[in-house]
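**Q** generate a structure from the sequence data that follows.
(one chain, ligands or ions: 1)
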Amino acid sequence: MILLEGKPVAQNIKARVSERAKSFLNTFGRKPGLAVVLVGGDPASQVYVGHKVKACEELGLASFRHALPEDISQAELNLLIENLNKDSLVDGILVQSPLPKHLSFSEVLDRIAPQKDADGLTPENVGLAWSGRPRVVPCTPAGIIELLKYYQISLERKNVVVIGRSDIVGKPMAQLFLQNNATVTICHSKTKALEEVAKQADIVVAAIGKRNYFTKEFFDRDAVVIDVGIHRLEQGMLCGDVFFKDVKESVRAITPVPGGVGPLTIAMLMQNTVTLAELRV
Ligand code: NAP
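**A** Numbering: from 1, shown residues only. Model prediction:
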């Protein structure tokens with residue numbers, strides 16, 4: 001079994017981003033800037049935002065952290081986005097999800113200027129990606145493509161099954177595989193005979209948000225398994241959507257959790273921010 005570790009891939013991406021950030025600073029006299037908006041006190045979101053701010057510091061990007069109270073109104077949040085759109089020091093905007101229930105993420109995405117959309121989730125950027133002219137694409141799926149390339153797992157002519165159809169992971173993941181000449185099946189909670197469908201795949205991406213859900217019965221012996229899920233167990237340990245212990249010796253390659261897809265998401269966010277900064281100037 002090949003363990004598909006994300007760290008070396010993320011380090012390569014970060015090294016390139018750091019070089020680009022340095023040359024941006026030398027040329028334009030300022031660092032590429034990322035605004036990260038966090039609403040409320042969700043502990044996992046606080047940790048993710050902390051990692052993003054730290055990565056900015058490490059790679060020579062400026063970060064602008066906006067921590068807003070849980071009970072902020074949609075109008076106040078929208079106003080902050082509009083101010084960030086106008087702020088000349090901000091190249092990328094990322095609003096950490098999930099938002100508290102009374103707030104609409106779609107309404108936020110409708111307001112983020114597509115030229116500053118660090119996660120490639122606004123309708124304009126989704127449309128550009130699907131029409132083969134990507135500006136920036138969502139960080140987690142983009143990172144998974146980098147991971148597969150790094151481990152020289154070719155995508156052309158492969159049967160790929162993406163399990164999960166969220167706007168953040170499943171749908172953009174399918175689009176990127178399609179763009180890389182794979183044949184793609186997207187599965188979700190209403191898919192019939194999921195186990196049989198997944199077993200046909202050369203590559204399976206599991207992104208359903210259910211801990212240890214996928215056992216070895218779901219995968220072909222030659223399958224490459226990418227686990228996007230992240231769950232914190234009672235004892236503080238992390239696990240994914242794939243039951244790693246059960247599956248690891250029954251497939252060709254698999255990502256661990258933690259240490260698989262996770263590190264790539266942040267690296268791609270940094271890359272997207274620098275790309276947007278370069279495009280804007
Ligand atoms: P999400 O928005 O909750 O979407 C889950 C998707 O899985 C939905 O499309 C749902 O189908 C489908 N699903 C749920 N149960 C299923 C089942 N039993 N069989 C088949 N499909 C099922 O989740 P998400 O935002 O995509 O995130 C998925 C996981 O990835 C979460 O654990 C999240 O924490 C993690 N994540 C990790 C990273 C990272 O950097 N590593 C980044 C983002 C997310 P329906 O559409 O039919 O409801």
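
**Q** so which elements touch the lowest-mean-pLDDT helix or strand in the chain?
**A** Lowest mean confidence among the helices and strands of the chain (mean pLDDT, DSSP states H and E): strand 231-232, at a mean of 92. Strand 231-232 sits against strand 238-239, with contacts defined as 3 or more C-beta pairs under 8 Å, 6 or more residues apart in numbering; DSSP states H and E. The way it works is simple: take the backbone N, C-alpha and C, and place the C-beta from them, glycine included.

**Q** the strand it packs on and the ligand in contact?
**A** No - applying C-beta under 6 Å from any ligand atom, one finds strand 238-239 separated from the ligand by no less than 9.8 Å.

**Q** which residues does the residue nearest the centre of the chain contact?
**A** Closest residue to the average C-alpha location of the chain: T140 at 2.0 Å, with C-alpha atoms, centre = their mean. By C-beta atoms under 8 Å, 6 or more residues apart in numbering, the contact list for T140 reads I168, V169, M173, V228, V261, L264, T265, M268.

**Q** make it 10 Å
**A** Residues in contact with T140, defined by C-beta atoms under 10 Å, 6 or more residues apart in numbering, are 119, 166, 168-169, 172-173, 205, 207, 228, 261-262, 264-266, 268-269.

**Q** one more: R30?
**A** F24, A62, S88, L89, D91, A277, V281.

**Q** can I get those residues in TSV with secondary structure, pLDDT and distance to the ligand?
**A** Below are those laid out as TSV (DSSP: H, G, I helix; E, B strand; the rest coil; pLDDT from 0 to 100; distance: C-beta to the nearest ligand atom, whole Å):
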residue	secondary structure	pLDDT	distance to the ligand
F24	helix	98	25
A62	strand	98	23
S88	coil	98	30
L89	coil	98	26
D91	coil	98	21
A277	helix	98	22
V281	coil	94	29
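
**Q** in PyMOL, how would I select just the buried ones from those?
**A** The following PyMOL line selects those of the contacts of R30 that are buried, judged by 16 or more other C-beta atoms under 10 Å:
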select buried, resi 24+62+91+277
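
**Q** spell out which residues of the chain are next to the ligand.
**A** 140, 163-166, 168-170, 187-191, 194, 207-210, 228-230, 261-262, 265.

**Q** return stretch 171-189 as CSV; C-alpha atoms alone will do.
**A** Taking Å, rounded to 0.1, in the frame of the first residue of the first chain, the C-alpha atoms of stretch 171-189 are listed here in CSV:
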residue,chain,number,x,y,z
LYS,A,171,-18.8,19.3,-7.4
PRO,A,172,-15.5,21.1,-8.0
MET,A,173,-13.6,17.8,-7.5
ALA,A,174,-15.7,16.2,-10.2
GLN,A,175,-15.0,19.2,-12.5
LEU,A,176,-11.3,19.0,-12.0
PHE,A,177,-11.2,15.3,-12.7
LEU,A,178,-13.2,15.8,-15.9
GLN,A,179,-10.8,18.5,-17.0
ASN,A,180,-8.0,16.0,-16.5
ASN,A,181,-9.6,13.5,-18.8
ALA,A,182,-10.9,11.1,-16.2
THR,A,183,-14.4,9.6,-16.5
VAL,A,184,-16.4,10.8,-13.4
THR,A,185,-19.3,9.5,-11.4
ILE,A,186,-20.7,11.7,-8.7
CYS,A,187,-22.5,9.9,-5.8
HIS,A,188,-24.5,11.3,-2.9
SER,A,189,-26.9,10.2,-0.2
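
**Q** and that stretch, which residues are buried?
**A** Buried, per 16+ other C-beta under 10 Å, within stretch 171-189: 171-177, 179-180, 182, 184-187.

**Q** mean confidence score for it?
**A** Per-residue pLDDT values over stretch 171-189 give a mean of 98.

**Q** can you pull the pLDDT of Q235?
**A** pLDDT at Q235 comes out at 87.

**Q** who's in contact with it?
**A** Q235 neighbours (C-beta under 10 Å, 6+ apart): none.
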